[in-house]
Structure formats: structure tokens, C-alpha cells
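**Q** Give the three-dimensional model of this entry:
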Amino acid sequence: MKKLLLVLFFVSFLSFGQARKIKEPLIHTVLFWLNNPESEKDRLAFESAIQELIETNPQGIQSHIGKPAETFQREVVDSSYTYLYLITFSSLEAEAAYQNDPTHINFIEKAKHLWKKVVVYDSDSLNSK
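**A** Below is the predicted model of the structure:
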């Protein structure tokens, strides 16, 4: 019985140490640099607009909105952006539909005056083919 409990503990311990994989094949990552990142009014306006997008957009599966983490700064870490938005899609077609969706267009119209720079990284999973 002790051996069985030890084996079960070991197996469960191994599974806790593994990061869960994102299931969706397409990840759309957007970095925003606000014109006035110190402005609380601008930050609140941006956050409100992007939260509305997250809550109303039908194409996205999972999403994340964040700001640079206060991790140990190394040469390879870029924390110059103001916000990072990540959204996952089930397919290239879903991402294409997102680009023309009224919720996405509305977000851009509401918030584009707040940013000076936007960079997009789209990633297709190695396992999707």
C-alpha cells in the first residue's frame, strides 16, 4: 500500500510541474505603446475599450491583457510597451473574421487616438499541421 501511495504521489507530482499547452492553433499577440502612458485617464480609457472588446468579441477563445511585469530585467527583456493583448483563435479563418468584426473595429475607433505604436505577432502552432 505504501508503494502504491508513493507511486501515485510521484505521478501526480510530475503532472503538476508541467505547463498546460494552449489548445488553439493561432495566437494573436499585440503590443501597444500609449502616447501618454503616465496619464491615468488615457490608461482607463484604453483598458475600458479593450475590456469591451474581450467581453463582446465572438471569435476569440482565450485572451489576456496585461502590462510589463516587474521581472528581473535582462538584455533580452523588452518592457518598453504599455499593454500586451493576447487572444487565441481556432483557425486562420477565425482570426481573419476577427479583423473585420464590428467589435474589433469599434475597439480601434475608440482607442486608436491613445496609442503611438502597435506591433502584432501572429503565431501558428507547430502542432497545427
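**Q** Phi and psi next, for Y121.
**A** phi -120, psi 120 (degrees, to the nearest 10).
**Q** what is it paired to in the beta sheet?
**A** Beta-bridge pairing for Y121 (DSSP bridges): T29.
**Q** Quick check: it vs S79, distance?
**A** Applying C-beta to C-beta, to the nearest Å, the value for Y121 to S79 is 16 Å. No exception for glycine: its C-beta is placed from N, CA and C like everyone else's.
**Q** What of K117?
**A** Separation of K117 from S79 (C-beta to C-beta) stands at 14 Å.
**Q** what sits against the closest residue to N35 other than its chain neighbours?
**A** Among residues not flanking N35 along the chain, K116 sits closest, at 4.8 Å (C-beta to C-beta, 6 or more residues apart in numbering). Applying C-beta atoms under 8 Å, 6 or more residues apart in numbering to K116 gives the contacts 33-35.
**Q** isn't there a strand covering K116?
**A** Yes - the assignment for K116 is a strand, going by DSSP: H, G, I helix; E, B strand; the rest coil.
**Q** What is the nearest of the contacts of K116 to I54?
**A** Closest approach between those and I54, by C-beta to C-beta: L34, at 17.7 Å.
**Q** Tell me who's in contact with the residue most central in space within the chain.
**A** For the chain, L86 is the residue whose C-alpha lies nearest the centre (C-alpha atoms, centre = their mean; 1.7 Å). Counting by C-beta under 8 Å, 6+ apart, L86 makes contact with 27-30, 63-65.
**Q** again with F46
**A** Contacts of F46 (C-beta under 8 Å, 6+ apart): 32, 34, 82-83, 111, 114-115.
**Q** Filter the residues you listed down to the buried ones, PyMOL style.
**A** What follows is the PyMOL syntax for the buried subset of the contacts of F46, where burial is set by 16 or more other C-beta atoms under 10 Å:
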select buried, resi 32+34+82+83+111+114+115
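**Q** The contacts of F46 in helices, which ones?
**A** A111 (DSSP state H).
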